[in-house]
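Participant: Only the shape, not the letters, is given here:
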């Protein structure tokens, strides 16, 4: 039997895992002086292992090993400086992803509606014909027809976003103060719709006509829009504001401040 | 290129009394009054605009050869205090000088072709009365202090005033466009034939609405608004021209003729 096979059989024998005829193996060992000596050496080794305490490396060896390990780690990461989670691109990508998530969450949480966009509305003749006629008439050249168009919103049941947007656009951009005044009253019927209150706040800051301003002040007060207080303050503090407009703004401010 | 010329009107005294008259032939459909404190406008079947003033002669002699300073320019005006410009869009009539005598400003009586359109604007505290009669064209009024009286008019019209009341008596009501009457602090009083076809949108925030017309009220859109407001939406004789009325702090009166 060669030595490697003998050592393997001795190990199996000492672990209790030797297959085959164990008696024959023991007779063979006892008849062979070299095999017997080898068996005793392995038996002594097993005894030593089982009865020795946990080995701890010397401190110097431990430090050398740790230094070696850190060097290996450094070499590994330096080989690929840009990629991976610790690399520049990896960090940048992660940063952008986090920013994107944050923006998405922010837009979802932001419930402050902006003033309705002044987009062009399409004349859709398949819609309620009353609505289509109103939208067309808002571009009429005469003031009386544009006022008529604004007033048509009173008679439209379930007015859609296009109607509200059209009224908002009229309030903010029509060149006639008569038409803008009518738009204030008409849009007041939709004060609870998204964006309408913001439209009123934009309108009051840009309006110049005294009658329209008073209508806006009264409307914002009646719908209890506390955001209007700062607009009222601007009117009060503006030296160019006429006194009766200032009085209305001051009265509106008192109502919003004291009651609500 | 527009040719704009300024007609400077010299009122020529007739003896020592009142009564100065000027005639202008308009070239546009609109006549626009700017800052004319007290004016009676009457429609008639002619083609000229005839302006009469009740100013006195005394001032005339002392102002001969002098120009009037009108806020931002000198103009050659010696009496009645009107500057008249014929522009492509409208005949512009603007009051320049004032003549307060015993607290009263001069009054103007102006005859206008009845189918012409009128635009009147006045913003200062000295706005007095605006009286318009026998007109069948469009009327646009934007004033802060004027009392507005309309008689035998048809519309369409858009009238708004802050401190002035609006009293409108219609002979017949045009079905064109709309009729919009808005007063912030005073009443709006309308008289119209009971057979008028119209749709009403009446509103007041702190006043009341009165009427003797047989209005078919849309109760779903009418009633109380806010704490003190009142709103009435309805039609007369099956509906017709839009009549939109708002008297914020006072009453709305709608009566039959």
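Facilitator: Done, it's in. None of these values were measured; they are calculated from a predicted model.

Participant: tell me the contacts of residue 207?
Facilitator: All of this is about chain A. The neighbourhood of residue A:207, defined by CB atoms under 8 Å, 6 or more residues apart in numbering or on different chains, consists of A:180, A:213, A:216. Glycine gets a C-beta too; all of them are placed from N, C-alpha and C.

Participant: oops, chain B please
Facilitator: B:187, B:230, B:247, B:248, B:249, B:250, B:251, B:252.

Participant: which of those residues sit farthest apart?
Facilitator: Greatest spatial distance among those (CB to CB): B:187 and B:230, at 13.6 Å.

Participant: distance of the closest residue to chain A within chain B from residue B:166?
Facilitator: Nearest residue of chain B to chain A, counting by CB to the nearest CB: residue B:177, 2.8 Å away. According to CB to CB, to the nearest Å, residue B:177 and residue B:166 sit 17 Å apart.

Participant: Compare the two and say which is more crowded by neighbours.
Facilitator: residue B:166 (26 against 21; other CB atoms under 10 Å in any protein chain shown).

Participant: Touching, that one and residue B:185? I think so.
Facilitator: No - at 11.4 Å, residue B:166 does not count as touching residue B:185 under the criterion of CB atoms under 8 Å.

Participant: count of neighbours near the residue of the stretch 1-150 of chain A at minimum distance from chain B?
Facilitator: Closest to chain B within the stretch 1-150 of chain A is residue A:144: 2.8 Å, counting by CB to the nearest CB. Other residues lying near residue A:144 total 26 when counted by other CB under 10 Å.

Participant: Show me the shaky parts of chain A.
Facilitator: A:1-2, A:48-62, A:64-66, A:68-69, A:72-87, A:104-128, A:259-260 (pLDDT under 70).

Participant: ok, which stretches of it are helices?
Facilitator: For chain A, applying DSSP state H gives helices covering A:3-15, A:22-31, A:33-51, A:59-79, A:88-109, A:129-137, A:143-152, A:161-173, A:177-187, A:196-206, A:210-222, A:229-237, A:243-259.

Participant: Looking at the residue of chain B closest to chain A now. What's its pLDDT?
Facilitator: For residue B:177, the pLDDT comes out at 94.

Participant: thought it was touching residue A:142?
Facilitator: Yes - if you go by CB under 8 Å, residue B:177 and residue A:142 touch, sitting 6.1 Å apart.

Participant: Common neighbours of these two, please.
Facilitator: Counting by CB under 8 Å, 6+ apart, the contacts common to residue B:177 and residue A:142 are B:138, B:156.

Participant: tell me, which of the contacts of residue B:207 make contact with chain A?
Facilitator: Among those, the residues that sit close to chain A (CB under 8 Å from any CB of the partner chain) are residue B:248.

Participant: What residues does the stretch 101-250 of chain A have near chain B?
Facilitator: Counting by CB under 8 Å from any CB, the positions of the stretch 101-250 of chain A adjacent to chain B are A:142-145, A:147-148, A:151-152, A:154-155, A:176-178, A:181-182, A:185, A:209-211, A:214-215, A:218, A:222, A:242, A:244.

Participant: Buried only: go through these for me.
Facilitator: Taking 16 or more other CB atoms under 10 Å in any protein chain shown as the criterion, what is buried in these is A:142-145, A:147-148, A:151-152, A:154-155, A:176-178, A:181-182, A:185, A:209-211, A:214-215, A:218, A:222, A:242, A:244.

Participant: Could you give the number of residues near residue A:233?
Facilitator: Neighbour count for residue A:233, taken as other CB under 10 Å: 13.

Participant: With adjacent residues omitted, what lies nearest to it?
Facilitator: Among residues not flanking residue A:233 along the chain, residue A:253 sits closest, at 7.0 Å (CB to CB, 6 or more residues apart in numbering or on different chains).

Participant: Can you give me the domain assignment for chain A?
Facilitator: A:3-49, A:83-112, A:129-259 (automatic domain parsing).

Participant: Let me know which of these is tucked in deepest.
Facilitator: The highest mean neighbour count among the domains of chain A, using mean count of other CB atoms under 10 Å in any protein chain shown, belongs to domain A:129-259: a mean of 19.

Participant: which residues touch residue 163?
Facilitator: In the absence of a named chain, this looks at chain A. By CB under 8 Å, 6+ apart, the residues touching residue A:163 are A:131, A:134, A:135, A:153, A:156.

Participant: looking at chain B here, not the other one
Facilitator: A:244, B:144, B:145, B:184, B:185, B:186.

Participant: can I assume the fifth one is in contact with residue B:246?
Facilitator: No - at 11.8 Å, residue B:185 does not count as touching residue B:246 under the criterion of CB under 8 Å.

Participant: most surrounded residue in the contacts of residue B:163?
Facilitator: Most neighbours among the contacts of residue B:163, by other CB under 10 Å: residue B:184, with 23 neighbours.

Participant: How about the residue in the stretch 151-260 of chain A positioned nearest to chain B: what's its closest non-neighbour residue?
Facilitator: Residue nearest to chain B within the stretch 151-260 of chain A: residue A:178 (3.9 Å; CB to the nearest CB). Spatially, and ignoring its direct neighbours in sequence, residue A:178 is nearest to residue B:158 (3.9 Å; CB to CB, 6+ apart).

Participant: tell me the mean pLDDT over the helix or strand that the one you found is a member of?
Facilitator: Element membership of residue B:158, judged by DSSP states H and E, is strand B:157-161. For strand B:157-161, mean pLDDT rounds to 97.

Participant: what's the offset of it from the middle of its chain?
Facilitator: 8 Å (CA atoms, centre = their mean, to the nearest Å).

Participant: Spell out which parts of the stretch 1-150 of chain B neighbour chain A.
Facilitator: For the stretch 1-150 of chain B, the residues in contact with chain A (CB under 8 Å from any CB) are B:123, B:138, B:140, B:142, B:144.

Participant: re the thing from before, might one say that the residue nearest to residue A:178 is in contact with residue A:145?
Facilitator: No - if you go by CB under 8 Å, residue B:158 and residue A:145 don't touch, sitting 10.6 Å apart.

Participant: shared neighbours of the two, anything?
Facilitator: residue B:178.

Participant: Test my guess that residue B:179 contacts residue B:173.
Facilitator: Yes - judged on CB under 8 Å, residue B:179 makes contact with residue B:173 at a distance of 7.1 Å.

Participant: returning to that earlier point: save the contacts of residue A:207 as TSV, and put in distance to residue B:212 too.
Facilitator: TSV is the format used below for the contacts of residue A:207 (distance: CB to CB, whole Å):
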residue	distance to residue B:212
A:180	33
A:213	34
A:216	33
